[in-house]
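In: coords please:
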Amino acid sequence: MISEAAVIAVAAAIYIFDCIVLLERGQAVLETGWSPNSSRLGLAFGSKHYQIAGKAVALLNPMTPFFPVFRSLPLFSGPHPASVKVTAAFRSITPFAVLPFLQLVLVFLTLPVCLYRAPGWPFLIALLLAYLNAIVMLALVWRQFGKAGIARRPLVALGFGWLACLPLSVNCLRSAGLSFQLAVDARRALRFLSENEWIRAREEFAAQLDEALQELDEGDERHRRLADLRRQLTPETGSERL
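Out: Residues are numbered from 1 along each chain as shown. So this is what the prediction gives:
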């Protein structure tokens, strides 16, 4: 019984670790629901204080691996040739959001129950279904990336990880979305948000810029540019959308 519990705990720990995203200061994760409309979009900028290797730590919601997420460009960086337009990114990920939900149920509900209650054929069947679903998700992502003109190379390493370590496959949708950067930075991504979400995201964005300003010397050119952007986000000057 202890060994079964240890296996489940390790699988959960691996999955939680896979939900951690590292962001540059002012970089954001664009989160969406089942459909990419403005009322469901949100921006997350990660922790204001906790960093790993100089980057802000953002924890994706472990209970919603079926909601696609994407990473914006770092601030003041022009679009890279590999950057993807927002509409193309949504089209490449959102059509099969139900499959990660099924994988979540299989890996963290069905398999643990079978491991404790029916370790024979029911467990083996559930395990095969989980691997089959992971393969289907990989194939669909591969096809959608090709249709959208998104580089498929990151999917080779990601796909190997999903099949070699099954808990990682639960994050298939989000890992695929984070394998490329959107062709917009956080400042421009604010325009996609609803009014209430825009106000919250603006406050988080400003807090991230405050942290970044403290880390830079005033003589640094980046300090001046960040300070200008920070002034645009104050309630007085930031009442209009950037």
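In: Contacts only, for the residue nearest to the spatial centre of the chain.
Out: In the chain, the C-alpha nearest the mean C-alpha coordinate belongs to residue 69, at 3.9 Å (Cα atoms, centre = their mean). Applying Cβ atoms under 8 Å, 6 or more residues apart in numbering, we find residue 69 in contact with 21, 29-32, 60, 174, 177-178. The C-beta positions use only the backbone N, C-alpha and C, and glycine is treated the same way.
In: list the contacts for the closest residue to residue 197 other than its chain neighbours?
Out: What sits nearest to residue 197 in space, not counting adjacent residues and going by Cβ to Cβ, 6 or more residues apart in numbering, is residue 42, at 5.4 Å. Residues in contact with residue 42, defined by Cβ under 8 Å, 6+ apart, are 30-32, 193, 197, 201.
In: Kindly reformat these as JSON lines containing distance to residue 109.
Out: Formatted as JSON lines, the contacts of residue 42 follow (distance: Cβ to Cβ, whole Å):
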{"residue": "30", "distance to residue 109": "29"}
{"residue": "31", "distance to residue 109": "24"}
{"residue": "32", "distance to residue 109": "24"}
{"residue": "193", "distance to residue 109": "33"}
{"residue": "197", "distance to residue 109": "31"}
{"residue": "201", "distance to residue 109": "33"}
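In: between those, which has the most around it?
Out: Within the contacts of residue 42, residue 30 tops the neighbour count with 25 neighbours, counted by other Cβ atoms under 10 Å.
In: And that residue, what's its pLDDT?
Out: As predicted, residue 30 sits at a pLDDT of 88.
In: before we move on, what about residue 236?
Out: 58.
In: Please compute how far stretch 164-178 lies from its chain's middle.
Out: In terms of Cα atoms, centre = their mean, to the nearest Å, the centre of stretch 164-178 is found 10 Å from the chain centre.
In: hey, C-alpha coordinates of it in PDB?
Out: Extracted as PDB, the C-alpha positions of stretch 164-178 are listed here (Å, rounded to 0.1, in the frame of the first residue of the first chain):
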ATOM      1  CA  ALA A 164       8.300   8.300 -21.300                       C
ATOM      2  CA  CYS A 165       6.600   9.900 -18.300                       C
ATOM      3  CA  LEU A 166       2.900   9.700 -18.500                       C
ATOM      4  CA  PRO A 167       2.100  12.500 -15.900                       C
ATOM      5  CA  LEU A 168       3.700  15.000 -18.300                       C
ATOM      6  CA  SER A 169       1.200  14.100 -21.000                       C
ATOM      7  CA  VAL A 170      -1.600  15.700 -18.900                       C
ATOM      8  CA  ASN A 171       0.000  19.100 -19.700                       C
ATOM      9  CA  CYS A 172       0.200  18.300 -23.400                       C
ATOM     10  CA  LEU A 173      -2.000  21.200 -24.500                       C
ATOM     11  CA  ARG A 174      -0.300  23.800 -22.400                       C
ATOM     12  CA  SER A 175       3.300  22.500 -23.100                       C
ATOM     13  CA  ALA A 176       2.600  22.700 -26.800                       C
ATOM     14  CA  GLY A 177       1.300  26.300 -26.400                       C
ATOM     15  CA  LEU A 178       4.300  27.300 -24.400                       C
END
